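[1] Sequence plus predicted model, see below.
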Amino acid sequence: MNNKSFISELSQRLGYTQDDTQKIIHTVIDSMNDGFQRGDSVSVPKFGTFEVKKRLERIVVNPGTKHRMLVPPKLVLGFKPIAAIKEKLKNGGEG
(Lines give C-alpha, C1' and ligand atoms only; values in the text may rest on other atoms or scores of the structure.)
Protein backbone atom coordinates (compact mmCIF):
# COMPACT_ATOMS: atom_id res chain seq x y z
CA MET A 1 0.00 0.00 0.00
CA ASN A 2 1.49 3.33 -1.00
CA ASN A 3 1.01 6.65 0.80
CA LYS A 4 -1.77 7.88 -1.47
CA SER A 5 -3.93 4.77 -1.08
CA PHE A 6 -3.21 4.67 2.67
CA ILE A 7 -4.36 8.27 3.12
CA SER A 8 -7.41 7.64 0.91
CA GLU A 9 -8.51 4.56 2.87
CA LEU A 10 -7.83 6.19 6.24
CA SER A 11 -9.76 9.34 5.30
CA GLN A 12 -12.77 7.22 4.27
CA ARG A 13 -12.67 5.29 7.55
CA LEU A 14 -12.36 8.46 9.65
CA GLY A 15 -14.76 10.62 7.66
CA TYR A 16 -12.18 13.38 7.18
CA THR A 17 -10.94 14.94 3.97
CA GLN A 18 -7.71 13.57 2.53
CA ASP A 19 -5.94 16.87 3.34
CA ASP A 20 -7.02 16.71 6.99
CA THR A 21 -6.03 13.05 7.21
CA GLN A 22 -2.60 13.86 5.70
CA LYS A 23 -2.13 16.60 8.34
CA ILE A 24 -3.08 14.18 11.13
CA ILE A 25 -0.61 11.58 9.88
CA HIS A 26 2.19 14.16 9.60
CA THR A 27 1.44 15.41 13.12
CA VAL A 28 1.56 11.88 14.56
CA ILE A 29 4.83 11.09 12.77
CA ASP A 30 6.41 14.39 13.84
CA SER A 31 5.40 13.69 17.43
CA MET A 32 6.90 10.18 17.22
CA ASN A 33 10.11 11.63 15.77
CA ASP A 34 10.36 14.07 18.68
CA GLY A 35 10.07 11.14 21.08
CA PHE A 36 12.76 9.18 19.21
CA GLN A 37 15.11 12.17 19.34
CA ARG A 38 14.72 12.18 23.13
CA GLY A 39 15.38 8.42 23.22
CA ASP A 40 11.81 7.59 24.29
CA SER A 41 9.88 4.48 23.26
CA VAL A 42 6.58 5.01 21.46
CA SER A 43 3.81 2.46 21.99
CA VAL A 44 0.93 2.29 19.53
CA PRO A 45 -2.00 0.40 21.06
CA LYS A 46 -3.07 -2.73 19.14
CA PHE A 47 0.03 -2.39 16.92
CA GLY A 48 3.37 -2.46 18.72
CA THR A 49 6.24 -0.50 20.23
CA PHE A 50 8.95 1.52 18.52
CA GLU A 51 12.10 1.99 20.56
CA VAL A 52 15.50 3.56 20.12
CA LYS A 53 18.30 1.09 20.82
CA LYS A 54 22.02 1.63 21.01
CA ARG A 55 23.99 -0.69 18.76
CA LEU A 56 27.41 -1.26 20.30
CA GLU A 57 30.74 -0.72 18.63
CA ARG A 58 31.84 -3.80 16.70
CA ILE A 59 34.46 -5.14 14.35
CA VAL A 60 33.44 -6.29 10.88
CA VAL A 61 35.51 -8.09 8.27
CA ASN A 62 35.27 -7.42 4.54
CA PRO A 63 35.03 -10.96 3.11
CA GLY A 64 36.74 -9.98 -0.16
CA THR A 65 39.79 -8.25 1.27
CA LYS A 66 39.79 -9.74 4.79
CA HIS A 67 40.21 -6.15 5.95
CA ARG A 68 38.93 -5.59 9.52
CA MET A 69 37.06 -2.38 10.26
CA LEU A 70 35.69 -0.86 13.45
CA VAL A 71 32.05 0.20 13.18
CA PRO A 72 31.29 2.94 15.71
CA PRO A 73 28.31 2.72 18.06
CA LYS A 74 25.06 4.14 16.76
CA LEU A 75 21.39 4.50 17.60
CA VAL A 76 18.89 2.40 15.63
CA LEU A 77 15.12 2.30 15.64
CA GLY A 78 13.53 -1.04 16.48
CA PHE A 79 9.94 -2.20 16.27
CA LYS A 80 8.27 -4.94 18.28
CA PRO A 81 4.75 -5.83 17.10
CA ILE A 82 2.11 -7.08 19.51
CA ALA A 83 1.75 -10.84 19.85
CA ALA A 84 -1.52 -10.94 17.88
CA ILE A 85 0.12 -9.41 14.80
CA LYS A 86 3.14 -11.72 15.07
CA GLU A 87 0.86 -14.73 15.31
CA LYS A 88 -1.26 -13.60 12.37
CA LEU A 89 1.83 -13.16 10.18
CA LYS A 90 3.21 -16.50 11.31
CA ASN A 91 -0.02 -18.15 10.14
CA GLY A 92 0.23 -16.60 6.68
CA GLY A 93 -1.92 -13.55 7.38
CA GLU A 94 -4.95 -15.49 8.56
CA GLY A 95 -6.17 -15.95 12.06
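    Everything's here; your move.
[2] okay, now the closest residue in space to residue 1 that isn't next to it in sequence: neighbour count?
    For residue 1, ignoring the flanking residues on the chain, the nearest one in space by CB to CB, 6 or more residues apart in numbering is residue 9 at 7.7 Å. Placement of C-beta: from N, CA and C, glycine included. Counted with other CB atoms under 10 Å, residues neighbouring residue 9 total 12.
[3] Wasn't residue 9 part of a helix?
    Yes - Residue 9 forms part of a helix when assessed by DSSP: H, G, I helix; E, B strand; the rest coil.
[4] mean confidence for stretch 23-36?
    The pLDDT scores in stretch 23-36 average 95.
[5] Could you list the buried residues of the top helix by length along the chain?
    The residue-count maximum for a helix in the chain (DSSP state H) belongs to helix 18-38. Going by neighbour count (16 or more other CB atoms under 10 Å), the buried part of helix 18-38 is 21, 22, 36.
[6] now these in JSON lines, with distance to residue 29?
    Below are the buried residues of helix 18-38 laid out as JSON lines (distance: CB to CB, whole Å):
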{"residue": "21", "distance to residue 29": "13"}
{"residue": "22", "distance to residue 29": "11"}
{"residue": "36", "distance to residue 29": "10"}
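[7] State the distance from the residue nearest to residue 1 to residue 89.
    From residue 9 across to residue 89, the span is 20 Å (CB to CB, to the nearest Å).
[8] Residue 5 now?
    21 Å.
[9] again, but for residue 12
    On the measure of CB to CB, residue 12 and residue 89 end up 25 Å apart.
[10] next one: residue 22
    Distance from residue 22 to residue 89, counting by CB to CB: 28 Å.
[11] same check, this time on residue 65
    On the measure of CB to CB, residue 65 and residue 89 end up 38 Å apart.
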